[in-house]
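*Asks:* this one's sequence-less:
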DNA sequence: CTCGCCGGTCAACGGCCGTAGAATGAACCG
DNA sequence: CGGTTCATTCTACGGCCGTTGACCGGCGAG
């Protein structure tokens, strides 16, 4: 009997409002960073009152935590070559899609100490997995460097909007970065 | 005459206070970013009153501008190989020295839109110079990528404090990054 | 010596922000 | 139908911040 075209039930309405708030929050956190984002601005962008945001999410900190949850993209293991290529396609996707969510995380991680802690905790297992695929004594450093390159490129493209990087095609970027990723993911440059 | 051991003249005293304020500002901007840094905190760290900071620098924005002036490190041209190596040693230095100034810029550029604009303007000539040394059609993209890698590594080491990168030696990092830089600075991988 | 200049302090204002809590009215359930 | 729950709004409080302007006291020039 849940007629979706009829007047929405209360639960639906709530979910809808929460989603609108989260969308607005992601957008504004991404654009402004944690500190400059105000609950009132998020609420107004979502078309609700600020009190409702507090009511649903408890605090600005918690709203941010929910807004910057990221589904932890897959990073299938395999040979180091495969891992490098997987990283590259993941980067390519993040350079193509609307990167709002990534940006909210990125900008806020660099702004907010708590966000940095939470992000580090979330990223560490992925980095460990990456390091395991590389399997050299300095694998963790190599994995961290790969992560640093990915984030550096995203930040410089979307946050700093550096000319030459802001308007390059994802494919071009990925192609130029491929040797980098290979040299970091594999102990030595393999000559076929 | 100007006996430096005697009681300081008024001009000396003023310069000294300004310097203390700027030092404190750099430290706190680097640690907290633009928004979370308060004029009162800077003043208190410098041992003066907040009003004095306003009196000398006019506004928080202007104080930040003065505190984040950076002497634009040398980037001598040459062959692309030499440029890559110069970038690597520059990075090595920034990984060794107390990176307070770099951090203030880095953190604030990612926080403050005006800071980003100013930084982009300051960095563009350097990137152009770099691109000129690379001299391929996509040289500007290559130069931007090199810059992105440098900043990504700095950010991930000092801002995010990623394990594996935070406690690696500068030499190790530079060595691992060398193939990356070479592949970006030279059109094709040269096989000796 | 005197008086103006200036380094420096102090108290206050106005604004914005996160947050709390009461109030309202419509949806739900028995 | 009556009571309860709940989505939502409104109002207000307390705090912190950037900024201002009055004020003080010692240095330095005439």
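*Replies:* The structure has been received and is ready for your questions. Predicted model only: the values in this text are computed from it and were never measured.

*Asks:* C-terminal to the helix or strand where residue A:13 lies, what's the next element?
*Replies:* Using DSSP states H and E, residue A:13 sits within helix A:10-36. Next in sequence after helix A:10-36, counting helices and strands by DSSP H and E, comes helix A:39-46.

*Asks:* Could you pull out the buried residues of the helix or strand following that next one?
*Replies:* Next along the chain after helix A:39-46, taking DSSP H and E as the criterion, comes helix A:50-57. By neighbour count on 16 or more other CB atoms under 10 Å in any protein chain shown, the buried set for helix A:50-57 is A:52, A:53, A:56, A:57. The way it works is simple: take the backbone N, C-alpha and C, and place the C-beta from them, glycine included.

*Asks:* thinking again about what came up before, quick one, the helix holding residue A:13 and helix B:10-36 angle?
*Replies:* If you take axes from the mean of the first three to the mean of the last three CA atoms, to 10 degrees, helix A:10-36 sits at 160 degrees to helix B:10-36.

*Asks:* Show the contacting residues for residue A:99.
*Replies:* With contact set as CB atoms under 8 Å, 6 or more residues apart in numbering or on different chains, residue A:99 has these partners: A:154, A:158.

*Asks:* before we move on, the earlier item: could you save the buried residues of helix A:50-57 as TSV and add columns showing distance to residue A:23 and pLDDT?
*Replies:* As requested, the buried residues of helix A:50-57 are exported to TSV (distance: CB to CB, whole Å; pLDDT from 0 to 100):
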residue	distance to residue A:23	pLDDT
A:52	14	98
A:53	13	98
A:56	13	98
A:57	13	98
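
*Asks:* what subset of those is also close to chain B?
*Replies:* Here nothing survives when the buried residues of helix A:50-57 are matched to chain B using CB under 8 Å from any CB of the partner chain.

*Asks:* now, among these, which is nearest to chain B?
*Replies:* Chain B has its nearest neighbour among the buried residues of helix A:50-57 in residue A:53, at 20.0 Å by CB to the nearest CB.

*Asks:* Enumerate every residue touching that closest one.
*Replies:* A:21, A:39, A:42, A:43, A:46, A:63.

*Asks:* mind redoing it with 6 Å?
*Replies:* Contact partners of residue A:53, counting by CB atoms under 6 Å, 6 or more residues apart in numbering or on different chains, are A:21, A:39, A:43.

*Asks:* Which single one of these is nearest to residue A:27?
*Replies:* Distances from residue A:27 to these, taken as CB to CB, are shortest for residue A:21 (10.9 Å).

*Asks:* confidence score at that closest one?
*Replies:* Listed pLDDT for residue A:21 reads 98.

*Asks:* I figured it was touching residue A:46, is that so?
*Replies:* Yes. Between residue A:21 and residue A:46 there is a contact at 4.5 Å, judged by CB atoms under 6 Å.

*Asks:* May I ask which of the contacts of residue A:53 has the most neighbours?
*Replies:* In terms of neighbour count, residue A:21 stands highest of those at 24 neighbours, by other CB atoms under 10 Å in any protein chain shown.

*Asks:* With distance to residue B:137 added, can I get the contacts of residue A:53 in a markdown table?
*Replies:* Below are those laid out as a markdown table (distance: CB to CB, whole Å):
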| residue | distance to residue B:137 |
| --- | --- |
| A:21 | 46 |
| A:39 | 48 |
| A:43 | 48 |
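
*Asks:* for those, which one is nearest chain B?
*Replies:* Closest approach to chain B among these (CB to the nearest CB): residue A:39, at 15.3 Å.

*Asks:* For residue B:35, see how far away that closest one is.
*Replies:* As judged by CB to CB, to the nearest Å, residue A:39 and residue B:35 stand 15 Å apart.
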